[in-house]
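**Q** structure for the following, please:
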Amino acid sequence: MDTKILIIYTGGTIGMSRSEKGYAPKKGFLTELLKRIPALYDEAMPAWELYEMDPLLDSSNMTVLEWNLIGSVIEENYEEYDGFVILHGTDTMAYTASALSFSLENLQKPVIITGSQIPLFEVRNDGLDNLLTSMMIAGEGRIREVALCFANELYRGNRATKTSATDLHAFGSPNYPPLAKIGTSIVYNDMIPQRVCDEPFRVQKLEKIPIGIIKVFPGIQFELFEEIMSESLKGIVLETFGAGNIPGSADAILPIVRKAHENGTVLVICSQCLKGSVSLGTYETSSALKDAGAVCAYDMTTEAAVAKLYYLFSCGLSADEVKEKMEDSISGEITK
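**A** Take a look at the predicted model:
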């Protein structure tokens, strides 16, 4: 394959080694592993180079800082490579995929995020197939967006969510079809068009915006959360039941929503259901949220909603502008 890709290793299970305290990332360990895999040097594979971030992190330790570092590496090497593969831990992979889908503006090259449930050094592992497939997809160049490749499927990055802590098929895309399915060959979904953009590629740095997530549960006492609605809190993602429903009297949450509005806090309504869409006002129990000015996330994942809030506020938009854009698809994250 006459293309060249950059593999960016951030940490995560795929490149970990054994330690006294369990699997852990180790500097230089993945480099030595890759040297011993003949398939990586086959003529069917793109030429590649490895960039190892420092420090390497378990993905549970990923922050906005690391998202920006990944973006900077891609930006600095964008013209030199035809595509990029990011090796990442599975726990927060969907958050990183969502964040990069927004921050990598005007992207016209493949950025494929992958990892594994079992380290690459183990005799039986899922990392090798995930790595080889991701490299081939990045080298072929048909995908011009941030995508997540795992267990024989390729998903739009901001549509993916982790569905299992133990299955090798660890991710799903409940509200959007796969970009490709991988069997004896890689079959791309030609019904999903790839965006063509003439604007120059750029990276929007993300700021450490104060954002929270509240998961609704039976018997929740909304008044307990009123104190966190300070002026410093920029966004709240509220995971509701079904199509946007909340328990109990609507009056219980109205003071919180009003306080959020007064403080410029954007309240985004997601569903706890993996599949389906929020539709505020469909049921009486969600009408209070709609009437009070909460924002509908439709079929966005929680990961995408959080990442989008980071992105929009980092762009310097006002709370009202953020509310408006949260309900519009800017990177294929919503189906309305």
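**Q** wait, doesn't Leu104 sit right on Lys205?
**A** No. Applying C-beta atoms under 8 Å, one finds Leu104 not in contact with Lys205, separated by 11.4 Å. Placement of C-beta: from N, CA and C, glycine included.
**Q** more neighbours: the two, which one.
**A** Legend: neighbour count by other C-beta atoms under 10 Å for Leu104 and Lys205, higher for Leu104 (25 against 13).
**Q** going along the chain, name the helices of the stretch 51-200 of the chain.
**A** 64-77, 93-103, 127-140 (DSSP state H, counting those that start in this stretch).
**Q** as CSV, those with mean neighbour count and distance to Thr114 would be great.
**A** Conversion of these to CSV gives the following (neighbours: other C-beta atoms under 10 Å; distance: least, C-beta to C-beta, whole Å):
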stretch, mean neighbour count, distance to Thr114
helix 64-77, 18, 14
helix 93-103, 27, 8
helix 127-140, 22, 4
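**Q** which one, of the ones you listed, ends up nearest to Glu303?
**A** Closest to Glu303 of these, according to C-beta to C-beta: helix 93-103, at 4.4 Å.
**Q** average pLDDT across the closest one?
**A** Across helix 93-103, pLDDT averages out at 98.
**Q** what angle do it and helix 64-77 make?
**A** Orientation check (axes from the mean of the first three to the mean of the last three C-alpha atoms, to 10 degrees): helix 93-103 against helix 64-77 gives 50 degrees.
**Q** what about Ile86, how many residues nearby?
**A** Ile86 has 29 nearby residues by other C-beta under 10 Å.
**Q** might one say that it is in contact with Gly11?
**A** No. Applying C-beta under 8 Å, one finds Ile86 not in contact with Gly11, separated by 10.7 Å.
**Q** on that earlier part again, common neighbours of Leu104 and Lys205, please.
**A** Counting by C-beta atoms under 8 Å, 6 or more residues apart in numbering, the common neighbours of Leu104 and Lys205 are Gly71.
**Q** what average pLDDT does stretch 112-127 get?
**A** 95.
**Q** what's the span of it from first residue to last?
**A** 14 Å (C-alpha to C-alpha, to the nearest Å).
**Q** can you give me the buried ones in it?
**A** Across stretch 112-127, burial judged by 16 or more other C-beta atoms under 10 Å covers 112-121, 125-127.
**Q** repeat that for stretch 23-30.
**A** Of the residues in stretch 23-30, those buried (16+ other C-beta under 10 Å) are 23, 25, 29-30.
**Q** redo those residues as a markdown table? Include distance to Tyr155, pLDDT and secondary structure.
**A** A markdown table is the format used below for the buried residues of stretch 23-30 (distance: C-beta to C-beta, whole Å; pLDDT from 0 to 100; DSSP: H, G, I helix; E, B strand; the rest coil):
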| residue | distance to Tyr155 | pLDDT | secondary structure |
| --- | --- | --- | --- |
| Tyr23 | 25 | 83 | coil |
| Pro25 | 24 | 83 | strand |
| Phe29 | 28 | 91 | helix |
| Leu30 | 24 | 93 | helix |
